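Participant: Quick one: sequence plus predicted model below, questions after.
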Amino acid sequence: TGTGTGTGKEKQELRCESCLMFTLCIMPLSFAKPDASQFGHDEIYIGTKRVHLAQVPGETLKYEHEHWKPSTEKRDIARALSRAVPGCNGRLGACNTDVVIPAIPAVDIVCSSCSNPTQDVSSWPLLLQKPLLKVKEEQYNEAKAFASGVRSAVVKVGENRWFRLKGCGNNDDGFIIRHTKEGIDAKGEPVAPYRDIRGSAFEETAIRELYMSSCVDNVLNPQGVSSCNKSMGYYRYDEPNLPLGPHVTPCCIVEETLGDRRLGTHIMSGIEILLPLLVKEEEIKEEDLLSIFPEKRPGRNSADMLVDTCELMTDYMIAKCSEPPLEGFGMPAEFGGYPDLPRDHTLFGALGSTILPEIAPDECVIPQQWTREGPREADSRWNKVWKENCENLSKCLSKLKEDAPNRKPAILTYLFSRIGYDCGKFMRSLHAMKTSWGTYQDAMCREGQWHCNAHANNMVLIPEEKGTHSFLSYLDLDMAFTADTFLDVWGIDSSSGKLGSL
């Protein structure tokens, strides 16, 4: 609801002490080898669910950006189009005619100087030079590693370098085959069941992630928009980790990374859970909060009737972007209601005009942690971290009151404005590049389903010591494509195969 203002020093000083606490109450509770002396920073910014990594057969390939480019050669376009159908027109082998792999609507990225990328990864950390896979058993002298979602992991090398392994196994079960049921596809047509691999990347998506991450970073980094990941290369696995045979090779993307705490799951959810501990609820009046919304906001006269932002923006976008656009605008609201309202600042509240009564939590009262099974008592190793950050927040609030005695502190307001600013700056920059983060449909999608990388969990909290002015960074460009390389692999009509038509 605002933009980040102030000098670089002021932004760094206000770099939310409370941000460190917002994730504390929603961490998983299972850890390997407890070590209180090493507990805190990594668990806040990276992860808490420990995993084990083992070297397995396969090859490691290095990514060198100058050797890769989009190809409009006929054979490469034919290969990209073949992914729109199960079995890829026979490319996946006679036994895999029902196998589906991602069909990104763009021409392939190919190596322009050679048929294969180099395998010289001698400059990489030794741990990463051979393919790694998540396994159930603890390994001898293993590195510190955390799960990142279901199919990925982040692993620590040295003092404070972290590396992302995107596609290193479905949890610790290796690469598994998913069997779907018959249904209706995204075009509304009946489709047969299909199979696909879970837990891996594919060579096409690995190369796209590395290429698009490098392209976007080359443009946006000079503008002060930092990428979370730095492209390095990828693994190609071999037997015994080829569940569908050699024609469907699981791959894993290797990148150096800044962090792994996600805006949606960790930061925003953490703020919501801890909000009652960060403000004096008894001093907040409903009418004051409602007054921050302009008159055009539907339901602004009652908290129970106020239409939330998700309904106004996300549902509206889905309805408008559908082909054809969803009918019945106005009602029901979940399909893009209120079509005549402008989707701009005239609908949104300005919290800066109503400062929340902020407080620091009680350092002696540790909030519960939330897991899939519900709330539990916090792991005792969080006690020191919680106390330190409660004290830091208390000092910060006191100093703000001392420096400006006639104004209430507005750390939460500033934090929300910076989150919105960082997200908006990245999206505006990405759109200026005429680049889609990755929203499309293919044979994997059932009726009403979309692939979409443009969501809050693809923005990541940057650790303070990285020295950037941004709070957040972006990642996950394995489905991204540009307007000039768009290829309609899933056209509803005869436009299928048209190049550059986005």
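Facilitator: Structure's in. What do you need? Residues are numbered from 1 along each chain as shown.

Participant: So in this protein, which strand runs the longest?
Facilitator: If you go by DSSP state E, the chain has its longest strand at strand 229-237.

Participant: Okay, buried residues for that one please.
Facilitator: Applying a neighbour-count criterion of 16 or more other Cβ atoms under 10 Å, one finds N229, S231, M232, G233, Y234, Y235, R236, Y237 buried in strand 229-237. Placement of C-beta: from N, CA and C, glycine included.

Participant: Among the residues you listed, which one sits closest to W68?
Facilitator: S231 (9.9 Å; Cβ to Cβ).

Participant: Check the gap between L53 and Y45 for me.
Facilitator: 20 Å (Cβ to Cβ, to the nearest Å).

Participant: Which other helices and strands does the longest strand of the chain contact?
Facilitator: Under the contact criterion of 3 or more Cβ pairs under 8 Å, 6 or more residues apart in numbering; DSSP states H and E, strand 229-237 touches strand 58-62, strand 161-166, helix 203-220, strand 251-257.

Participant: I'd like these as a markdown table, with mean neighbour count, distance to P463 and mean pLDDT appended.
Facilitator: Output for the helices and strands packed on strand 229-237, formatted as a markdown table (neighbours: other Cβ atoms under 10 Å; distance: least, Cβ to Cβ, whole Å; pLDDT from 0 to 100):
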| stretch | mean neighbour count | distance to P463 | mean pLDDT |
| --- | --- | --- | --- |
| strand 58-62 | 20 | 26 | 96 |
| strand 161-166 | 23 | 9 | 97 |
| helix 203-220 | 22 | 18 | 96 |
| strand 251-257 | 24 | 11 | 98 |
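
Participant: CSV for those, including distance to N389?
Facilitator: Converted to CSV, the helices and strands packed on strand 229-237 look like this (distance: least, Cβ to Cβ, whole Å):
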stretch, distance to N389
strand 58-62, 40
strand 161-166, 21
helix 203-220, 31
strand 251-257, 23
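
Participant: Which pLDDT value goes with S115?
Facilitator: With respect to pLDDT, S115 has a value of 65.

Participant: Need the three-state assignment for S429.
Facilitator: Under DSSP: H, G, I helix; E, B strand; the rest coil, S429 falls in the helix class.

Participant: quick one: contacts for it?
Facilitator: V219, L220, Q223, V225 (Cβ atoms under 8 Å, 6 or more residues apart in numbering).

Participant: mind listing the strands for the stretch 101-250 of the chain?
Facilitator: Applying DSSP state E, counting those that start in this stretch to the stretch 101-250 of the chain gives strands spanning 109-111, 132-135, 145-148, 152-157, 161-166, 176-179, 183-184, 190-191, 195-198, 229-237.

Participant: could those strands be laid out in TSV, adding distance to D422?
Facilitator: Putting the strands of the stretch 101-250 of the chain into TSV (distance: least, Cβ to Cβ, whole Å) gives the following:
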stretch	distance to D422
strand 109-111	28
strand 132-135	31
strand 145-148	21
strand 152-157	21
strand 161-166	20
strand 176-179	35
strand 183-184	39
strand 190-191	40
strand 195-198	32
strand 229-237	16
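
Participant: and the gap between P250 and A350?
Facilitator: 49 Å.

Participant: Compare those two (neighbour count), which wins?
Facilitator: P250 (30 against 14; other Cβ atoms under 10 Å).

Participant: So that one sits against F175, correct?
Facilitator: Yes: the criterion here is Cβ atoms under 8 Å, and P250 meets it with F175 at 4.7 Å.

Participant: what touches both of these two?
Facilitator: I197, G199, S200, Y237, N241, P243.

Participant: which residues sit in contact with the spatially closest residue to the first one that is not a sequence neighbour?
Facilitator: The one in question is I197. The shortest distance from I197 to any non-neighbouring residue, by Cβ to Cβ, 6 or more residues apart in numbering, is to F175 (5.3 Å). Contacts for F175 (Cβ under 8 Å, 6+ apart) come out as G169, I197, R198, G199, S200, Y237, N241, P243, P250.

Participant: ok now do the first one, which residues does it touch?
Facilitator: Neighbour list for G169: L133, K134, V135, R151, F175, G199, S200 [criterion: Cβ under 8 Å, 6+ apart].

Participant: Any chance of JSON lines for the residues you listed, columns distance to L210 and pLDDT?
Facilitator: Formatted as JSON lines, the contacts of G169 follow (distance: Cβ to Cβ, whole Å; pLDDT from 0 to 100):
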{"residue": "L133", "distance to L210": "20", "pLDDT": "98"}
{"residue": "K134", "distance to L210": "21", "pLDDT": "97"}
{"residue": "V135", "distance to L210": "25", "pLDDT": "97"}
{"residue": "R151", "distance to L210": "17", "pLDDT": "96"}
{"residue": "F175", "distance to L210": "20", "pLDDT": "98"}
{"residue": "G199", "distance to L210": "19", "pLDDT": "97"}
{"residue": "S200", "distance to L210": "15", "pLDDT": "97"}
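
Participant: out of those, who has the most neighbours?
Facilitator: S200 leads the contacts of G169 on contacts (other Cβ under 10 Å) with 28 neighbours.

Participant: How much space separates the closest residue to that residue other than its chain neighbours from S112?
Facilitator: Distances taken as Cβ to Cβ, 6+ apart place P250 nearest to S200, at 3.4 Å, with adjacent residues excluded. Distance, P250 to S112, using Cβ to Cβ: 25 Å.

Participant: Just the pLDDT at S495, thanks.
Facilitator: On pLDDT, S495 comes in at 58.

Participant: In a markdown table, list the contacts of F175 along with distance to M317.
Facilitator: Formatted as a markdown table, the contacts of F175 follow (distance: Cβ to Cβ, whole Å):
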| residue | distance to M317 |
| --- | --- |
| G169 | 34 |
| I197 | 31 |
| R198 | 29 |
| G199 | 31 |
| S200 | 31 |
| Y237 | 38 |
| N241 | 39 |
| P243 | 37 |
| P250 | 34 |
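
Participant: what about the helices in this structure?
Facilitator: 8-13, 19-22, 41-45, 74-82, 203-220, 269-278, 286-290, 309-321, 382-403, 411-432 (DSSP state H).

Participant: and E66, which of the ones you listed is closest to it?
Facilitator: helix 203-220 (9.6 Å).

Participant: How far off centre is the closest one?
Facilitator: From the chain centre to the centre of helix 203-220 is a distance of 15 Å (Cα atoms, centre = their mean, to the nearest Å).

Participant: and that helix, what does it pack onto?
Facilitator: So helix 203-220, by 3+ Cβ pairs under 8 Å, 6+ apart, packs with strand 68-70, strand 109-111, strand 229-237, strand 251-257, helix 411-432.

Participant: The same query, at a cut-off of 7 Å, please.
Facilitator: Applying 3 or more Cβ pairs under 7 Å, 6 or more residues apart in numbering; DSSP states H and E, we find helix 203-220 packed against strand 109-111, strand 229-237, strand 251-257.

Participant: Now do the buried residues in the shortest one.
Facilitator: So the one you mean is strand 109-111. Neighbour-count burial for strand 109-111 flags I109, V110, C111 (criterion: 16+ other Cβ under 10 Å).

Participant: of the residues you listed, closest to Y211?
Facilitator: Within the buried residues of strand 109-111, the smallest distance to Y211 is 4.6 Å, found for I109 (Cβ to Cβ).

Participant: and of the helices and strands packed on strand 229-237, who's closest to S122?
Facilitator: Comparing the helices and strands packed on strand 229-237 under Cβ to Cβ, the one sitting nearest is strand 58-62, at 9.4 Å.

Participant: Mind listing the strands that closest one pairs with, and their directions?
Facilitator: strand 229-237 (antiparallel) (DSSP bridges).

Participant: List the contacts of the partner strand.
Facilitator: 56, 58-63, 65, 121, 124, 131, 164, 203, 206, 210, 213-214, 249-257, 475 (Cβ atoms under 7 Å, 6 or more residues apart in numbering).

Participant: can we see that at 6 Å?
Facilitator: Residues outside strand 229-237 that contact it (Cβ atoms under 6 Å, 6 or more residues apart in numbering) are 58-63, 131, 164, 206, 210, 213-214, 249-257, 475.
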